[in-house]
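Colleague: would you be able to build a 3D model of this:
(chains A and B)
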Protein chains: 2
Amino acid sequence: MIVPRLIERKRDGGRLEPQEIRELVSEYSAGRIPDYQISALLMAMYFKGLDRDEMHALMESMLESGKRLDLSRLPMARIDKHSTGGVGDKTSLILAPLISSLGIAVPMMSGRGLGHTGGTLDKLESIPGFRTALTLDEAQRQIARIGCAMIGQTDEMVPADRKIYALRDATATVEVIPLIAASIMSKKLAEGLTGLVLDIKRGSGSFLPKLEDELELAKAMIDLGAAHGCPVIALLTAMDRPLGYACGNALEVVEAIDVLKGGGPPDLIEVTMELGARMLVLGTVASSLDAANAMMRDAIASGKALLKFEEIVAAQGGDKSVVRDPSRLPRAARQQVFPASRDGVVQSVEPRAIGYGSIQLGGGRRNMEDRVDPSVGFVITAKPGIRVTKGQALATIHARSEEDLAVGKSILEQAIVIGDAAVTPLPLVSHRVTARGVEELAAR
Amino acid sequence: MIVPRLIERKRDGGRLEPQEIRELVSEYSAGRIPDYQISALLMAMYFKGLDRDEMHALMESMLESGKRLDLSRLPMARIDKHSTGGVGDKTSLILAPLISSLGIAVPMMSGRGLGHTGGTLDKLESIPGFRTALTLDEAQRQIARIGCAMIGQTDEMVPADRKIYALRDATATVEVIPLIAASIMSKKLAEGLTGLVLDIKRGSGSFLPKLEDELELAKAMIDLGAAHGCPVIALLTAMDRPLGYACGNALEVVEAIDVLKGGGPPDLIEVTMELGARMLVLGTVASSLDAANAMMRDAIASGKALLKFEEIVAAQGGDKSVVRDPSRLPRAARQQVFPASRDGVVQSVEPRAIGYGSIQLGGGRRNMEDRVDPSVGFVITAKPGIRVTKGQALATIHARSEEDLAVGKSILEQAIVIGDAAVTPLPLVSHRVTARGVEELAAR
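Modeller: Reported below is the predicted structural model:
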């Protein structure tokens, strides 16, 4: 196998054989193919795509690159939720404790920030002591004991995907549908699930701003799941603006805890409940969406969901006192309110500008090796379509220094546009996709 | 500067500012941007190209990344020849001693094998002891003393180009006209030339099989040269078959010595003389091509050119006895004649198959780090258009083992096609391009 010739073939629009893909993945995992060849191949795939066979071979070889969770002896359903990545999307932080508090095992394996989007692992690690790098054995035992583990990909599980995912992030090769589908599904199938709910983001802040691409991604993942007997339901949700208010690692943990306590921004609550209801129905602990919603409301009102979060934090070595007192989380040295520059209607709050802005403030990675500052980011209460008056607070900037506050201010000036036109943002939840087809839930 | 965003912009068809290109090149040279990001950017450039400003900025920043030869105190003209890369192309090995024996300084800085093509440095290093990694100072003093040095890019000279060139080779991002132009011209301008002759290869074995691309490349290099007061003349020559017979590092040195001794294959002699005549006229030591040809014939017949080659080899630490006795060069353990499988006309001798075949036998690199075996390769006397009879020797395979001989045989079975149709190969020298325009020298 001469790697440059495989790159060349893909570059010229040719097809790689399943066996070639398997060999590429295993040799790369073993460190026998350098990063720089794989990143060039990934960029060629960006332009030339992968066909169904290539995608299945990639997913299989990533799945086979490591061990899997064996939860087959657990009596309950094993359901996870996965999002394609957004800005301000902290639904995982809420759903893992909420759903596992209701008798479903949630073996949640998440990623780090990718492109402009945040990562659940980076958010969790803002909790002092929280270990996301559990061994497979530790995760299995924790799930058996408390019904949930929130972990990263260890070297044992889908190591090939882990390596490729980090490389894609650093090389602008994230937005390739079969790569996204194979990456997500290799992780999810390694969890030994009995069902999966997908949150596919739509709009300017998603990796795939076009509806046809989102539907293609949903179908690809449903297809990959079906090949392994794992039913998959996908919801398409809005990412034309950040979800909720907080954008930044510790800031998002605070907001997730808020929701678990019965508070939180309405849009975040709605999307979380829609996803959670599907998890409960897929796991057959609720017989209808209405019943599922009632169960979730009760788990929050009773404090059961919050208690489960404390239990998870403590089990993974985190300081569980932050759950009752989020002010103990890392806090940026400087905060500054960002006011409206004029009267008018908020035209847009651009998730990409916000996401990349958080990276600029130190809250994400420019290179694979970078460290993340958990404390920085934005809390943006302004939403597209709302009417504001000059001087009204639209957001708060959290930064490390006066200089960074100025950077944050100029980022928000770019990201938050005020105008005069009426604005109709995307519906929060617009489509449902299953093996049976696409169903439109709300018209734009 | 967030590198993934620059990659993304280029990927999406945007333009990089000259300042951004300068920063990318200097940060990459300094090891502060990893290979994997630059290789992804190069692949994006493969698909989206570079405009004239981007190309000039890239060339300038590579040129400025290191020191240059200062030959301004030498009394004679300083002329080099550069080829865009072919298979069996050993004209540099002949021209450096031949032209410098006629009173022109030839500061020849060459590269290594790239893609399927061979590299002058790899060929020279098959001479025991030959050092191509001279310091700038050593090269300057050698040129002042004997009129010629045949060197590689040191860490001092255009280090940025050296790094990018090696990366392109390993990532199938060689065939991008502005990258080729900027790479060649940064090296050539760092030599402090008063003129340059370019050999732009045409046909299936060249990096640019389309005539319009070859002419674009010639014009780009003439444009880059003009910006630095260095007149450039380009000849377009045939690379639809290997040049000469020998393809392989030591094998090509043997054949080059053959030409310096008055022998050698006719096609190799013709192309070498055409290029050499332009060097002599550009350097104003010959007043016409005819006069130049007479001078070269005399330098070979008198032994002056061969003596100069001995002088160069000795000056650079090589075993100069190989020049009189080429059998002292590394020799492969196994040789085997490859006969014609049928009567007929040779339809093609595919340079790409031969070039990649040599790599497979160990004569080139699959990765940046690989070592090259100087002894292996092919000597192919068959030329497209000649009539052959079954059993007639078409080539000799030089390999390390019986297994490799079998590999070599299957490579030649692919590369050398015998049929019945008459065949008209490309004219050896077809076009001349100067700042004044394109002139067709021979019709196809």
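Colleague: next, count neighbours for the nearest residue to A:Ser186 once chain neighbours are set aside.
Modeller: Nearest in space to A:Ser186, with sequence neighbours left out and distances taken as C-beta to C-beta, 6 or more residues apart in numbering or on different chains, is A:Met62 at 3.9 Å. (Each C-beta comes from the backbone N, C-alpha and C, glycine too.) A:Met62 has 29 neighbouring residues, counting by other C-beta atoms under 10 Å in any protein chain shown.
Colleague: helix/strand/coil for A:Met62?
Modeller: For A:Met62, the assignment made with DSSP: H, G, I helix; E, B strand; the rest coil gives helix.
Colleague: show me what contacts it?
Modeller: Neighbour list for A:Met62: A:25, A:158, A:160-161, A:164, A:182-183, A:186 [criterion: C-beta atoms under 8 Å, 6 or more residues apart in numbering or on different chains].
Colleague: distance check, it against B:Ala246.
Modeller: Applying C-beta to C-beta, to the nearest Å, the value for A:Met62 to B:Ala246 is 45 Å.
Colleague: cool, A:Arg52 as well?
Modeller: Using C-beta to C-beta, one obtains 46 Å as the distance from A:Arg52 to B:Ala246.
Colleague: tell me the pLDDT of A:Pro128.
Modeller: With respect to pLDDT, A:Pro128 scores 97.
Colleague: now the spatially closest residue to it that is not a sequence neighbour, what's its secondary structure?
Modeller: Once flanking residues are discounted, A:Pro128 sits nearest to A:Asp319: 4.5 Å by C-beta to C-beta, 6+ apart. For A:Asp319, the assignment made with three-state DSSP gives coil.
Colleague: A:Asp319 against A:Ile127, yeah?
Modeller: Yes. Counting by C-beta atoms under 8 Å, A:Ile127 is a contact partner of A:Asp319 at 6.4 Å.
Colleague: more crowded one of these two?
Modeller: A:Ile127 (26 against 15).
Colleague: I'd guessed the more buried one sits against A:Gly317; true?
Modeller: No. Using C-beta under 8 Å, A:Ile127 is not in contact with A:Gly317, being 9.4 Å away.
Colleague: now do the strands in chain A.
Modeller: Listed in chain order, the strands of chain A (DSSP state E) span A:79-83, A:106-109, A:148-151, A:195-202, A:232-238, A:246-247, A:334-339, A:344-349, A:377-380, A:387-388, A:393-399, A:416-419, A:429-434, A:437-440.
Colleague: contacting residues for the residue of the stretch 301-444 of chain A found nearest chain B?
Modeller: With C-beta to the nearest C-beta, the shortest gap between the stretch 301-444 of chain A and chain B falls at A:Arg366, namely 5.2 Å. With contact set as C-beta under 8 Å, 6+ apart, A:Arg366 has these partners: A:170, A:359, B:2-4.
Colleague: adding pLDDT and distance to B:Met150, write those out as JSON lines.
Modeller: Conversion of the contacts of A:Arg366 to JSON lines gives the following (pLDDT from 0 to 100; distance: C-beta to C-beta, whole Å):
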{"residue": "A:Ala170", "pLDDT": "91", "distance to B:Met150": "39"}
{"residue": "A:Ile359", "pLDDT": "94", "distance to B:Met150": "48"}
{"residue": "B:Ile2", "pLDDT": "88", "distance to B:Met150": "42"}
{"residue": "B:Val3", "pLDDT": "95", "distance to B:Met150": "36"}
{"residue": "B:Pro4", "pLDDT": "93", "distance to B:Met150": "40"}
